[in-house]
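Chemist: build the 3D model from these lines:
(one chain, ligands or ions: 2)
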Amino acid sequence: MNHRFPLPDSLAELRNYVNGEFVATGKLFANVSPINGAVLAQVHEADAALADRAVKSAKAALDGPWGSMSVAERAAVLDKVADAIERRYDEFVAAEVADTGRSIEQARTLDVYRGVANFRTFADLVKVAGGETYDMRTASGHDVMNYTVRKPHGVIAIISPWNLPLLLLTWKVAPALACGNTVVVKPSEETPSSATLLAQVMDEAGVPPGVFNLLHGFGPDSAGEFLTGHPDIDAITFTGESSTGSTIMKVAAEGVKEVSFELGGKNAAVVFADADFDAAVAGVIRSSFTNSGQVCLCSERVYVERPIFDRFVAALKEKAEALKVGYPDEPGVDMGPLISKGHRDKVLSYYKLALEEGATLVCGGGVPAFGDERDEGAFVQPTIWTGLPDTARCVREEVFGPVCHIAPFDTDEEVIARVNDSPYGLAASVWTTSLKRAHNVSRRLRTGITWVNTWFLRDLRTPFGGAKQSGLGREGGQYSLDFYSEISNISIQL
Ligand SMILES: NC(=O)c1ccc[n+]([C@@H]2O[C@H](COP(=O)([O-])OP(=O)(O)OC[C@H]3O[C@@H](n4cnc5c(N)ncnc54)[C@H](O)[C@@H]3O)[C@@H](O)[C@H]2O)c1
Ligand SMILES: N/C(=C\C=C\C=O)C(=O)O
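Modeler: Numbers count the residues shown, from 1 in each chain. Ligands and ions are numbered 1, 2, ... in the order given. Prediction:
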């Protein structure tokens, strides 16, 4: 079938990549387009034996050429990977667009852009990462020198989600390799394509066999579980649902494996009456509807100070109803489909639940009718609710779709308490022109990240991660180098 947004020719079939070889298994599952439900390609699912081979190859590669490279040599390899992604930029864009139905514009300016940036950032950071030294004199008059050395952790299991496939996979692969580890990656079954291209790029960039390995498959009783439960995995970094994180943590506990988790959220946008009104409306449209609301940082909760509540709801409704939902290449398209019909069923179940919980439907709430192949896809309407209590499931549970609930508030104290009344604590955005209020409110929100008068603006040197059920640990800058290193102290009596 000829697709309007096909995979690049180099991805006619999606195989695993183990010890420098592409491996077909013959156990296939379909990669389905969320635009029209058509099958894009067949994917070879890894079995336990292949997962074992991948981990063992990664372990062996630690003692090969990769293990003896200097920091500068490893950084140079990462820059070659970035160069190769840049050379094949359009193929990576095509892979992300085919798998997810997102706009070409977003795939170009966010997803693949960050794929390159992640490798360049950690190639640079690892070259300037220093250690610590301490001098002391013992009571008996001996001088002692202590210094730290940064060693690789070993074999890292990297398990990534479908919402920002290349961005989130490379956000982990880049620092893991920069620190001298070897990796076995398991991308989401929903988005296998850009990870397969990345394997081709690793090959081209001269990454030694066994350093980067790719397994396709699912979670339970498939590649994900075979990987996290493997005795030779030294650490696990996972991005996905909080419930999945909990499951993986139990498996990691068996072998006392170090974990880094980037999990779910139910993020809040807080709009004060003193905010730049138009900027806040534009900002919340972005923070609630980017990537069809399928970003862990999206604001599904919006709190607006009462004096501007009605005006804000009307303004956001107008902007949401004007969002262009359509094909990836349509001029000015704002939103594509959700990742799958299965995920759409989940989102639509919340659209239904909200009405049962007593919500006022401000706009959306259903499925757009295109009258063409897209009616076989996974599209939903951008949706806004008001009128729910903070105890409603739609205000407490992550929907992970293009939807937000807007509620009024009266005081700073009230809104801080309401934002913090959540099992999640990933991100928040605060819209105010008061410097004092910006600082005082932001530092009291129990989140890993708070943006003020902006959203999803990223400096890759900063700590990224969530509080409470939104994650464990921080990645970004030095935090990534620390997670992906075994830091040892050497103490010498002089
Ligand atoms: N905090 C963050 O930075 C961040 C970023 C992106 C997405 N997310 C979260 O991810 C979720 C959406 O992604 P998703 O639906 O792919 O999440 P998911 O948890 O369903 O799956 C994530 C990955 O884990 C694998 N997996 C599932 N069960 C597993 C198991 N038992 N053992 C090993 N691997 C397993 C999946 O195959 C997939 O590759 C949302 O909750 C979103 O908030 C968080
Ligand atoms: N981890 C990052 C983004 C996460 C987005 C969640 O969907 C990043 O920007 O590095």
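Chemist: residues in contact with Val93?
Modeler: The contact partners of Val93, by Cβ atoms under 8 Å, 6 or more residues apart in numbering, come to Ile104, Ala107, Arg108, Asp111, Val112. Where you see a C-beta, it was placed from the backbone N, CA and C, and this is true even at glycine.
Chemist: closest one to ligand 2 out of those, please.
Modeler: If you rank the contacts of Val93 by distance to ligand 2 using Cβ to the nearest ligand atom, Asp111 comes first, at 10.6 Å.
Chemist: for that closest one, phi and psi?
Modeler: For Asp111, the backbone dihedrals are phi -60, psi -60 (criterion: degrees, to the nearest 10).
Chemist: what about it, how many neighbours?
Modeler: Residues lying near Asp111 (other Cβ atoms under 10 Å) number 24.
Chemist: from here on, call the first residue 605.
Modeler: Fine by me, first position is 605 from now on; the one you just mentioned is Asp715.
Chemist: nearest residue to Ile1094 other than its sequence neighbours?
Modeler: Tyr751 (5.6 Å; Cβ to Cβ, 6 or more residues apart in numbering).
Chemist: ok so, going back, adding pLDDT and secondary structure, write the contacts of Val697 out as CSV.
Modeler: As requested, those are exported to CSV (pLDDT from 0 to 100; DSSP: H, G, I helix; E, B strand; the rest coil):
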residue, pLDDT, secondary structure
Ile708, 98, helix
Ala711, 98, helix
Arg712, 98, helix
Asp715, 98, helix
Val716, 98, helix
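Chemist: just to be sure, Val789 is in a strand?
Modeler: Yes. Counting by DSSP: H, G, I helix; E, B strand; the rest coil, Val789 is found in a strand.
Chemist: which residues touch it?
Modeler: With Cβ under 8 Å, 6+ apart, Val789 has these contacts: Ile762, Ile763, Ser764, Leu773, Lys776, Val777, Ala799, Phe816, Asn817, Leu818, Leu819.
Chemist: hmm, 7 Å instead?
Modeler: Ile762, Ser764, Leu773, Val777, Ala799, Leu818 (Cβ atoms under 7 Å, 6 or more residues apart in numbering).
Chemist: next up, phi/psi of the nearest residue to the second one once chain neighbours are set aside, please.
Modeler: Spelled out, that is Ser764. Leaving aside its sequence neighbours, Ser764 sits nearest to Leu773 (Cβ to Cβ, 6+ apart; 4.4 Å). Dihedral pair for Leu773: phi -70, psi -50, per degrees, to the nearest 10.
Chemist: tally of neighbours for Leu773?
Modeler: Residues within reach of Leu773, counting by other Cβ under 10 Å, total 27.
Chemist: just flag the most distant two among the contacts of Val789.
Modeler: In terms of Cβ to Cβ, those reach their longest pairwise distance at Ser764 and Leu818, which sit 11.0 Å apart.
Chemist: is it true that Gly641 touches Asp979?
Modeler: No. Under the criterion of Cβ atoms under 7 Å, Gly641 makes no contact with Asp979, lying 9.3 Å away.
Chemist: more crowded one of the two?
Modeler: Taking other Cβ under 10 Å, Gly641 and Asp979 do not tie; Gly641 has more neighbours (16 against 13).
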